[in-house]
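Undergrad: Give me a 3D structure for the following:
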Amino acid sequence: MNLPSVYNFFSRQNEEKVEKQNLTYQIFKDIDYTKLKYKTSFYRSDFRGSKFENITFYQNNFNIADFINNIFFNVEFNKVDFGEAEIKNCVFNKCYFKENDYISLPFTNSSFIKCDFVNEVFHVTMKECTFKECTFKNCIFDQCSTDSIEFDDCIIIKCELSTMHAENYKLINCTFRDTYLGINFLGTYLIKGTDFNLLSFKYRGDIVPISNSDFFAHYTYDMFNHFRYYEYLNLLIISDAKCVLEEEFARVLKNFDSIDNKNLRIYTIKSIFEMLEFYFGSDSLSISTICSILTVFEQYKNNFYDDEKLSIECGIFRIESFIAASNIPINYLIKCDPLKVASAEFTFDTDDIEEAKAKVEKLMAIVNQNFTNNYYHLPYTIVSIKKGSVIITITSSLLLILLAAKVAKSVCHTICKMQVEIATSKKLLNTIENTKTHNTMFNVLKNYNNYEEIFEKDNLDLTNLTKYIIQLIK
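TA: Numbering: from 1, shown residues only. You can find the predicted model right below:
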């Protein structure tokens, strides 16, 4: 059944004024105001839910207009007066902005994809917006307030961003040239794939010698002395500081009571775990370092209030889930420190202990023979066996555990549609003597018998099975 469309085509493009109008759920398409007699004023009109495609706006008036839940595709805004309009939950794709006027314009939760901004002077508030493959040239952000902005694969040339509030930025694979940022909130910038040494900063109008190692070290440790712990840890990471990160995390947690603002305490904890998620899989933090940091949190979490402890446990769980579920490249896993220890729990649908042990041995042989043989041999140790449906727990190198979980997850999800879960067992951890053992518990290979039977039907021997698993996880 074809339901009638809620959209109507806009047909008043050659009028001087279309002000204070309900223009919701309209389609604006193939209009070029540079070629029309009137540069229509849309003062105080409501564009909620409307779609715009192949439009050139020129000298139009959008002051106090509402753009909410809109989609813009191939739209040009040239010398447009946005005034105090509102832009919220909008998507701009392949749009062009040049020399427009903004007065306290709020941008909220909007996305810009492959857009260009040229000669713009922004007077805006902006929160939770993303810019993907965008270009900024000769733009000034003058006394703006921005928070939680992500720039991904953007090029920013000859822009001034140092005179605004700019907090909680993510800079991913970006290029900056002749552009200045403010140093006040540098510690809240998560930076990946962007050359930190090429960034330029100002403080109260003066250029800051960020390349001066003594200055930056002093600035970084000021963050610690001012109890801005999240920013302190992030600065250590983005500057590739010569320190042992696990020890610095421990130092922060030891001194956490220096923060007497309860809201700030919770915010700091959540921000630290979001930071770990952001850097996961990058060159900034190895998996072994992240797992060591999680162990530090495990050691100190009981020193926190209940709600803070819950935030820590949730953060640990998210990172562990991220490790187990992510499609981690084999080459990245191989960088793991072989001395870092982890544990894994295997559950089998059988009561035959010897059969279950043989299956564990087969899986570990596959991983060792085909992924780590050129680097080092990784032994494993069985630390507990539970009867019933046999549950075998092993400890080994973090690398071997992660690879085994990766192999098992790929086979289960792709072949048997089984679920790989994470389980945490405090009782089990007490049986492991090595205090460095991390409590990531991979509960894998559910219903292993069914998994085995599927491969037996295809007459796959161990060699062919190994080749198939390798093909699955590439």
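Undergrad: residues touching Leu171, list them.
TA: By C-beta atoms under 8 Å, 6 or more residues apart in numbering, Leu171 lies in contact with Phe151, Tyr189, Leu190, Ile191, Lys192, Thr194. The way it works is simple: take the backbone N, C-alpha and C, and place the C-beta from them, glycine included.
Undergrad: now swap in Glu99 and tell me
TA: Asn78, Lys79, Val118, Asn119, Glu120.
Undergrad: Of those residues, which belong to helices?
TA: Assigned to helices by DSSP state H, none of these qualify.
Undergrad: quick one: average pLDDT of stretch 354-372?
TA: If you average the pLDDT over stretch 354-372, you get 72.
Undergrad: same deal with stretch 101-113?
TA: 94.
Undergrad: What residues sit buried inside it?
TA: Asp101, Tyr102, Leu105, Phe107, Ser110, Ser111, Phe112, Ile113 (16 or more other C-beta atoms under 10 Å).
Undergrad: One more: stretch 274-281?
TA: Buried-residue list, stretch 274-281, by 16+ other C-beta under 10 Å: Glu274, Met275, Leu276, Phe278, Tyr279, Phe280, Gly281.
Undergrad: any idea how far that stretch is from the chain center?
TA: 7 Å (C-alpha atoms, centre = their mean, to the nearest Å).
Undergrad: Pull it out as CSV, backbone CA atoms only.
TA: Extracted in CSV, the C-alpha atoms of stretch 274-281 (Å, rounded to 0.1, in the frame of the first residue of the first chain):
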residue,chain,number,x,y,z
GLU,A,274,35.7,7.6,26.6
MET,A,275,39.3,8.6,26.0
LEU,A,276,40.5,5.0,26.2
GLU,A,277,37.8,3.9,23.7
PHE,A,278,38.8,6.7,21.3
TYR,A,279,42.5,5.7,21.3
PHE,A,280,41.8,1.9,21.2
GLY,A,281,43.2,0.5,18.0
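Undergrad: Return the backbone torsion pair for Ala286.
TA: Slight slip there: residue 286 is Ser, not Ala. Dihedral angles of Ser286 (phi, psi; degrees, to the nearest 10) stand at phi -80, psi 160.
Undergrad: how many neighbours does it have?
TA: The number of residues packed near Ser286 is 21, by other C-beta atoms under 10 Å.
Undergrad: same deal with Tyr169?
TA: For Tyr169, using other C-beta under 10 Å, the count is 20.
Undergrad: what's the helix or strand for the spatially most central residue of the chain?
TA: The chain has Phe278 as the residue nearest its centroid, 4.4 Å off, counting by C-alpha atoms, centre = their mean. Take DSSP states H and E as the rule and Phe278 turns out to sit in helix 262-279.
Undergrad: Quick one: list the elements packing against that helix.
TA: Judged by 3 or more C-beta pairs under 8 Å, 6 or more residues apart in numbering; DSSP states H and E, the packing partners of helix 262-279 are strand 190-192, helix 229-238, helix 287-300, helix 306-325.
Undergrad: among the ones you listed, which is nearest Ile391?
TA: Closest to Ile391 of the helices and strands packed on helix 262-279, according to C-beta to C-beta: helix 306-325, at 17.5 Å.
Undergrad: by contact count, what packs against the closest one?
TA: Against helix 306-325 (3+ C-beta pairs under 8 Å, 6+ apart) you get helix 262-279, helix 287-300, helix 398-411, strand 421-422.
Undergrad: Outline the domain layout of this structure.
TA: Per automatic domain parsing, the structural domains of the chain span 8-217, 223-326, 332-473.
Undergrad: which of those has the lowest average pLDDT?
TA: domain 332-473 (a mean of 53).
Undergrad: quick revisit: touching, the residue nearest to the centre of the chain and Thr188? I think so.
TA: No - here Phe278 does not reach Thr188: they are 11.7 Å apart, not a contact under C-beta atoms under 8 Å.
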